[in-house]
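Student: what would the 3D arrangement of this be:
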Amino acid sequence: MPTGSDNPLVRSAGPAIVEVSDLVFRYRGQTRDALALNHLRVGAGERLFVHGPSGGGKSTLMSLLAGVLIAQQARVLLLGTDWRSLGSSARDRRRGDHVGYLFQQFNLLTWLPVLDNVCLPCRFSARRAARAASRSGSVERDAHSWLAAFDLAPDLWEQPAGALSVGEQQRVAAARALIGAPELLLADEPTSALDTDRRDEFMARLLAACQEAGSALVFVSHDRSLEPRFDCSLALGTHTDPGRARSSFVSRSAEAHSPAGTSS
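Tutor: Numbering: from 1, shown residues only. Predicted coordinates for the structure are as follows:
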């Protein structure tokens, strides 16, 4: 697969949910860039698989896409708006309205009932609450729908989230991330604690749920066996020059005849 800045990036059809240009990010006090990326575009409903070694910039990229980190040099756009153009409060509101996040450690409120955990994003975003109510008649009924989509038994919905197994908590976290149909879902190593059978079942449900919600998916994992399930992939963390990290992008639909890449 060729890589390098001379290769054009294959662009997805449909409007851009995420677009990144000339990205360079370095943590304060460090002498090497944590992440450098020429160009990346994720279209509506597209599924992007991100992989690379530990320390290669995967979690940094996710935080930049969510507007949690702001790059010193870059254009990082969500739905056409550059995160750098917004103040802290405006970034929080925009993230709550348009981004679902599925964490590796789930980050559920363990003392709160499952149903309340799933409804939580709609308490912070009127836009997502309105979408949930439009889809199912009410936020609570929409939460029921997403929990059913992930096959969580109804008798668990009123249980504290901390009383559930790891696999059950993962499904609650996925339902929480998707309620209100955010345009972008960021998933950071969500299958790392699952065996193969449970991983495959969860992936099938997650991809189907993203399609139902119309959400673009950016999925980080060390498990390369998952890569063929995605429309395109991005490799991070191949260090070729001091202080720089090379990245490569490939579209599954174009891979057979015209692989494309981008490098820092």
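
Student: longest helix of this protein?
Tutor: helix 196-213 (DSSP state H).

Student: so, low pLDDT: which residues of the stretch 1-150 of the chain?
Tutor: 1-14 (pLDDT under 70).

Student: element containing Leu186, please.
Tutor: Here Leu186 sits within strand 184-188, counting by DSSP states H and E.

Student: got a list of contacts for that strand?
Tutor: 17-18, 42, 58-59, 62, 65-66, 78, 98-104, 177-178, 206, 210, 213, 215-220 (Cβ atoms under 8 Å, 6 or more residues apart in numbering). In this view, the C-beta of every residue, glycine as well, is placed from N, C-alpha and C.

Student: what are the bridge partners for the residue most central in space within the chain, then?
Tutor: With distances taken as Cα atoms, centre = their mean, Leu186 lies nearest the centre of the chain, 1.3 Å away. Beta-bridge pairing of Leu186 under DSSP bridges involves Tyr101, Val218.

Student: Thr191 is in contact with Arg199, correct?
Tutor: Yes. With contact defined as Cβ atoms under 8 Å, Arg199 reaches Thr191; the gap is 4.6 Å.

Student: common neighbours of those two, please.
Tutor: Common neighbours of Arg199 and Thr191 (Cβ under 8 Å, 6+ apart) are Asp223, Leu226.

Student: how about the strands in the stretch 101-250 of the chain?
Tutor: Per DSSP state E, counting those that start in this stretch, the stretch 101-250 of the chain carries strands over the ranges 184-188, 216-220, 232-238, 246-251.

Student: okay, now the sheet partners of the third one, with direction.
Tutor: According to DSSP bridges, strand 232-238 has the following sheet partners: strand 47-51 (parallel), strand 246-251 (antiparallel).

Student: and it, average pLDDT?
Tutor: The average pLDDT within strand 232-238 is 86.

Student: let me know whether Gln72 touches Val24 as I believe.
Tutor: Yes. Taking contacts as Cβ under 8 Å, Gln72 lies within contact range of Val24: 6.7 Å.

Student: tell me which of these two has more neighbours.
Tutor: Using other Cβ atoms under 10 Å, the more surrounded residue of Gln72 and Val24 is Val24, with 17 against 11.

Student: please consider this matter closed, and thank you.
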